[in-house]
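A.B. asks: sequence plus predicted model, see below.
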Amino acid sequence: MTTMAAPPLMRQDRQAEPVTKVITGIQGFDEISGGGLPRGRLTAIIGAPGAGKTVFALQTLVNRLAHLGEPCIFVTFEESVDRIRSNVASFDWPGDALDESRFFFIDARIPENALVTGAFDLEGLLAGLTALKAEIGACNIVFDGIDMLLSSLQDERLERQELLRLDSWIRRSAISAIVTVKTFGAGDRDQIRADFLQYMTDCLIKLTETVTATGSSRAIRIAKYRGSGFAANPVPIVIGASGIDVIAFKGARIGYPIFGDRVSSGVGRLDALLNGGYLRGSSTLISGSPGTSKSSLAASFVSAACARGDRALLISFDESVAQIIANMTSIGVDLAPHVDAGRLTIASFLSGGRSPEEHFIEIRNLIKTQKPDCLVVDPISALPKADYPFSAMICENLLDTAKSLGITVLCTSLLDQAVGNAELSESQISTIADTWIHVSYVARDGERNRALTIIKSRGTGHSNQVRELVLNASGIDLVDVYVAEGEVLMGSARAQKEADAERVQVLCDIAAERQRLDLERELAEARARVQAATLELSWKQREADLVSVAEKSRVEVGRVSAIERLDLRRSGDDSLAPDMLNAAPVALGVDG
């Protein structure tokens with residue numbers, strides 16, 4: 001029995017180089033791909049008709065020519081060159097985007113009247129492309145709609161053979177190549193061709209379109225990228241005036257600029273509840289049912305921002321600019337002067353007229369051009385749609401975009417509601433909003449009143465008290481609610497309770513005044529009695545003093561009289577002595 005020796009291990013003397021990437025110039029795609037498409041390798045773009053394959057390829061070549069100065073070749077197997085040039089002219093790309101000296105078109109379509117017999121290959125086409133590449137120094141090439149050519153072979157084996165021939169030529173030429181292939185989703189050959197491309201190519205991009213009852217939504221997904229990490233989740237795209245916009249969702253929360261100062265909400269008592277207003281650069285969500293004054297609170301915020309010299313952008317859905325200005329004047333908020341002065345831009349959209357992605361791109365473009373300090377979206381709940389796969393993520397991305405620029409954001413929402421003590425948020429904005437204010441109705445005694453509550457406010461103290469929201473010609477005000485026996489009273493019930501309390505207070509004040517008067521009278525009487533007693537005491541004391549003086553005087557008079565009598569006796573005149581002694585007390589009494 002013979003044994004076979006294992007083959008020797010091959011030694012790798014040269015270290016493999018990492019994959020080099022080259023930008024597409026489509027910002028969102030360059031983010032999710034980590035830098036663009038692989039340099040010198042084959043990239044396949046697969047998608048249904050109208051998904052944006054040709055636009056993506058053209059935009060990539062135009063951007064590389066404009067930003068990197070790399071000459072390009074575009075080989076078309078489906079549309080004529082004139083039609084492609086006409087399509088490019090509809091975008092706002094630079095006028096020299098298709099400079100014929102550096103951007104070459106090759107029409108490789110099979111003529112309509114051609115008769116195909118037998119098999120054919122791409123050898124002749126590739127030989128011509130080799131000569132052209134060497135002549136102009138082309139770095140990029142696109143094979144657009146190559147499935148139109150390969151399907152004419154009527155043989156799956158020959159299709160694979162030509163795709164492998166194409167891949168081999170691309171590797172030898174060290175040129176960055178893009179191949180676009182349609183998938184109809186019905187034919188087996190289309191699926192087999194797509195499966196083979198997934199094996200053959202270094203980077204595979206899939207473009208899809210979801211058609212719903214309310215519209216359509218396009219998405220892009222990187223299905224494969226050899227030698228590189230990438231974001232594998234699908235993200236939405238929009239084909240607009242600038243070509244393809246890819247709305248990339250970031251995997252981590254980006255850093256926002258932090259501000260310490262506050263901006264007014266436009267309602268004085270609301271500012272007091274928030275310890276001075278909203279923090280600059282923060283996001284605020286005002287949720288509630290229709291008619292709870294969400295738009296009025298938003299307009300008050302915008303008016304206050306413009307009054308202090310800030311620039312503001314107000315996005316409104318389903319309400320015209322003129323109607324917004326007219327409605328706000330009824331509560332004393334005049335937006336017209338701010339619009340005329342250029343401090344306020346109001347844009348009105350139809351919520352059902354575009355997809356959430358298209359609305360996002362439009363708002364993002366307005367932010368870039370207007371450069372606002374404050375942004376209001378009224379309501380942001382118009383963006384999410386139940387049958388759109390990315391609508392909730394669009395709202396979150398919009399807030400991220402604004403906050404990353406230091407913009408103070410206020411959004412209203414019709415979808416969020418508070419039920420009992422459980423706060424619900426269908427639009428998922430409340431989870432990333434810094435401040436959440438809820439306005440609601442309180443129905444009682446045949447009337448409906450508005451109530452305002454601050455559910456949360458990150459990074460700042462705030463009141464947890466319910467306030468009644470009142471609208472009048474002078475603006476918005478918050479009134480303290482009346483709590484009686486654990487029940488919150490508003491409107492007429494509050495006014496009646498306050499009137500009853502005021503009446504009770506008046507009666508208490510009257511009783512207190514009567515008691516005060518009685519006490520003052522009793523005090524006066526007591527003082528009078530004290531004064532009389534003091535006067536009587538004074539007379540008694542004086543009388544006692546007089547008696548004491550009289551007694552003392554009597555003693556002194558008696559002593560003097562005795563001496564005088566002695567003297568008279570000595571002088572021999574005794575007849576006057578008794579009269580003098582008797583007259584002395586009388587004289588003292590009169591003097592006293």
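C.D. replies: Happy to help now that I have it. Numbering: from 1, shown residues only.
A.B. asks: quick one: list the elements packing against the host helix or strand of residue 364.
C.D. replies: Applying DSSP states H and E as the criterion places residue 364 in helix 356-370. In terms of contacts (3 or more Cβ pairs under 8 Å, 6 or more residues apart in numbering; DSSP states H and E), helix 356-370 is packed against strand 215-225, strand 235-240, strand 312-317, strand 344-349, helix 391-404. Yep, even glycine has a C-beta here, placed from its N, CA and C like the rest.
A.B. asks: can I get the CA coordinates of that helix in CSV?
C.D. replies: C-alpha atoms of helix 356-370 as CSV (Å, rounded to 0.1, in the frame of the first residue of the first chain):
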residue,chain,number,x,y,z
PRO,A,356,-40.2,60.6,3.6
GLU,A,357,-36.7,60.4,2.0
GLU,A,358,-37.6,63.2,-0.5
HIS,A,359,-38.9,65.4,2.3
PHE,A,360,-35.7,64.8,4.2
ILE,A,361,-33.5,65.8,1.3
GLU,A,362,-35.6,68.9,0.7
ILE,A,363,-35.4,70.0,4.3
ARG,A,364,-31.6,69.2,4.4
ASN,A,365,-31.1,71.3,1.4
LEU,A,366,-33.0,74.2,3.0
ILE,A,367,-30.8,73.9,6.1
LYS,A,368,-27.7,74.1,3.9
THR,A,369,-28.9,77.2,2.0
GLN,A,370,-30.7,79.1,4.8
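A.B. asks: right, and the helix or strand after the helix or strand bottoming out on mean pLDDT in the chain?
C.D. replies: The weakest-scoring helix or strand in the chain, judged by mean pLDDT, DSSP states H and E, is strand 422-424 (a mean of 42). Using DSSP H and E, the helix or strand that directly follows strand 422-424 along the chain is strand 435-444.
A.B. asks: quick one: residue 281 and residue 407, what's the gap?
C.D. replies: 7 Å (Cβ to Cβ, to the nearest Å).
A.B. asks: which residues touch the residue nearest to residue 20 when sequence neighbours are not counted?
C.D. replies: Nearest non-adjacent residue to residue 20, counting by Cβ to Cβ, 6 or more residues apart in numbering: residue 39, 4.1 Å away. Shown in contact with residue 39 (Cβ atoms under 8 Å, 6 or more residues apart in numbering): 19, 20, 21, 22, 176.
A.B. asks: mind checking how far residue 39 is from residue 139?
C.D. replies: From residue 39 across to residue 139, the span is 9 Å (Cβ to Cβ).
A.B. asks: residue boundaries of the strands in the stretch 201-350 of the chain?
C.D. replies: Using DSSP state E, counting those that start in this stretch, the strands of the stretch 201-350 of the chain run over 203-212, 215-225, 235-240, 243-246, 262-263, 278-279, 283-288, 312-317, 344-349.
A.B. asks: which residues are in contact with the first one?
C.D. replies: Yep, that's strand 203-212 we're talking about. Residues outside strand 203-212 that contact it (Cβ under 8 Å, 6+ apart): 37-38, 41-48, 50-53, 56, 197-198, 216-226, 234, 237, 385, 387-389.
A.B. asks: isn't residue 363 right next to residue 315, touching?
C.D. replies: Yes: because the distance of 5.8 Å satisfies Cβ atoms under 8 Å, residue 363 is recorded as touching residue 315.
A.B. asks: overlap in contacts of those two?
C.D. replies: By Cβ under 8 Å, 6+ apart, residue 363 and residue 315 have these common neighbours: 347, 377.
A.B. asks: in the helix holding residue 364, which of the residues would be classed as buried?
C.D. replies: Across helix 356-370, burial judged by 16 or more other Cβ atoms under 10 Å covers 356, 357, 358, 359, 360, 361, 362, 363, 364, 366, 367.
A.B. asks: so what's the residue most central in space within the chain up against?
C.D. replies: Residue closest to the average C-alpha location in the chain (Cα atoms, centre = their mean): residue 283, at 2.8 Å. Listed by Cβ under 8 Å, 6+ apart, the contact set of residue 283 reads 399, 402, 403, 408, 409, 410, 411, 432, 433, 434, 435.
A.B. asks: now swap in residue 345 and tell me
C.D. replies: Residue 345 sits in contact with 311, 312, 313, 314, 339, 366, 370, 372, where contact means Cβ under 8 Å, 6+ apart.
A.B. asks: and with 10 Å instead?
C.D. replies: Going by Cβ atoms under 10 Å, 6 or more residues apart in numbering, residue 345 touches 311, 312, 313, 314, 315, 321, 338, 339, 366, 369, 370, 372.
A.B. asks: beta partners for it?
C.D. replies: Beta-bridge pairing of residue 345 under DSSP bridges involves residue 313.
A.B. asks: that one and residue 300, how far apart?
C.D. replies: Taking Cβ to Cβ, one finds residue 345 at 17 Å from residue 300.
A.B. asks: returning to that earlier point: narrow the contacts of residue 283 to those that are buried.
C.D. replies: Buried among the contacts of residue 283 by 16+ other Cβ under 10 Å: 399, 402, 403, 408, 409, 410, 411, 433, 434, 435.
A.B. asks: and which of those residues is nearest residue 105?
C.D. replies: Residue 105 has its nearest neighbour among the buried ones among the contacts of residue 283 in residue 402, at 41.2 Å by Cβ to Cβ.
A.B. asks: looks like that closest one contacts residue 360 (just checking).
C.D. replies: No: Residue 402 is beyond contact range of residue 360, at 11.2 Å (criterion: Cβ atoms under 10 Å).
A.B. asks: circling back to that earlier point, buried ones among the contacts of strand 203-212?
C.D. replies: 37-38, 41-48, 51-53, 56, 197, 217-225, 234, 237, 385, 388.
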